[in-house]
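**Q** Everything below, folded, please.
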Amino acid sequence: MEFSEFCTHEALDCRLPARQIVPLVVASPHSGSAYPAPFLSQAAVPLTALRRAEDAFVDELFAAAPGLGMPFLAARFPRSYVDANREPYELDPGMFEGPLPRPLNHRTTRVAAGLGMIPRVAASGEAIYRNRVPADEIERRLASCWRPYHAALSGLVEHTHRQFSAALLIDAHSMPSSASTVGSRERNHPVDIVLGDNHGESCAADLVGRAEQWLSGRGLRVERNQPYAGGFTTQRYGRPASGRHALQIEINRALYMDEARHEKLPAAEGITTLMTGLLEELAGQALSLLLPRQLAAE
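**A** Residues are numbered from 1 along each chain as shown. This is a model prediction of the structure:
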């Protein structure tokens, strides 16, 4: 593949198909679990607390992607170290010591919650660091993690668009079961899947509708954009007017893992089968919905 050089960075797990046959790219920015030793030595919370921020095993749930003819990208680095689903300078200046590299985008709800590109707090809300972080860590982590991830993702999306005149990015995530009733229309029934398209801005409505229909038809409770409408990735790569679509998929962790023990359940096999089926469905729909429309516009 033309962009395979972007996928060899040590911070990435990039799996390319023998031949890409569908206009899909699958990415998992939050399933990484390679914790740098210096980071752990700075942490004020145990590893178990840091791991609660992971989209644990999501890379395994979508592992069929290359065999279906679509590239797959996952971050090896953990979300609590660098969050690739944030703007590069979306940071809390108060957590750093020393001269900051540039004006930071610190007035966002995510930064206010302590969840910037370098998170300030763990999933439990506890402060991650014992002391302030040296400001030069910002550029170091951008160079070692964030930029390689987005260079690879951008390369894969653009290669796909050049080949097919359209591209659909599946941004794969998981959500804690405690969030599964937030924004739900039925408070007594936890949501299984949340489809995020930035409230209709990042993906063709037909594709989102087909995904919702397919999942609902298999007994899953599906919500759109509540409580997760999409983050930096869908905002950056989802430009339907130019033939680039991005759909965020959030899976309730209780469906496939023991959240307290951080272990997969036997049910994970069934969820993997479902996600494989969803990718197959979306691949077919992308070919039938996106390509004729895109070719007609040219």
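**Q** CA atoms for contacts and neighbours, from now on please.
**A** Noted.
**Q** Give me the helices and strands touching the lengthiest helix in the chain, please.
**A** Identified as the longest helix of the chain according to DSSP state H is helix 268-297. Secondary-structure packing of helix 268-297 (3 or more C-alpha pairs under 8 Å, 6 or more residues apart in numbering; DSSP states H and E): helix 58-61, helix 205-216.
**Q** neighbours of Ile271, just the number please.
**A** For Ile271, the neighbour count with other C-alpha atoms under 10 Å is 16.
**Q** distance of it from Val133?
**A** Ile271 sits 39 Å away from Val133, going by C-alpha to C-alpha, to the nearest Å.
**Q** Just the residues contacting stretch 169-178, thanks.
**A** 24-31, 55-56, 58, 157, 190, 233-234, 237-238, 244-254, 259 (C-alpha atoms under 8 Å, 6 or more residues apart in numbering).
**Q** 6 Å - rerun?
**A** With C-alpha atoms under 6 Å, 6 or more residues apart in numbering as the contact definition, stretch 169-178 has outside contacts at 24-28, 55, 246-254.
**Q** If you average the pLDDT over that stretch, what comes out?
**A** Averaging pLDDT along stretch 169-178 gives 96.
**Q** Okay, buried residues for that stretch please.
**A** 169-177 (16 or more other C-alpha atoms under 10 Å).
**Q** try stretch 225-237
**A** Within stretch 225-237, the residues scored as buried using 16+ other C-alpha under 10 Å are 225-231, 233-235, 237.
**Q** need those in CSV with distance to Leu265, pLDDT and secondary structure, can you?
**A** Listed next are these as CSV, based on distance: C-alpha to C-alpha, whole Å; pLDDT from 0 to 100; DSSP: H, G, I helix; E, B strand; the rest coil:
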residue, distance to Leu265, pLDDT, secondary structure
Asn225, 27, 97, coil
Gln226, 26, 94, coil
Pro227, 25, 94, coil
Tyr228, 24, 96, coil
Ala229, 27, 97, coil
Gly230, 27, 96, coil
Gly231, 28, 95, coil
Thr233, 29, 98, helix
Thr234, 29, 98, helix
Gln235, 33, 97, helix
Tyr237, 33, 98, helix
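**Q** Could you pull out the helices in the stretch 51-200 of the chain for me?
**A** 58-61, 109-112, 136-141, 147-164 (DSSP state H, counting those that start in this stretch).
**Q** which residues does Val194 bridge with?
**A** Here Val194 sits in beta bridges with Glu223, Glu250, going by DSSP bridges.
**Q** need the contact list for it.
**A** Shown in contact with Val194 (C-alpha under 6 Å, 6+ apart): 222-224, 249-250.
**Q** Apply the buried test to the residues you listed and list what passes.
**A** 222-224, 249-250.
**Q** How about Val45: what's its closest non-neighbour residue?
**A** In space, and not counting its chain neighbours, Val45 is closest to Ile128: 5.9 Å by C-alpha to C-alpha, 6 or more residues apart in numbering.
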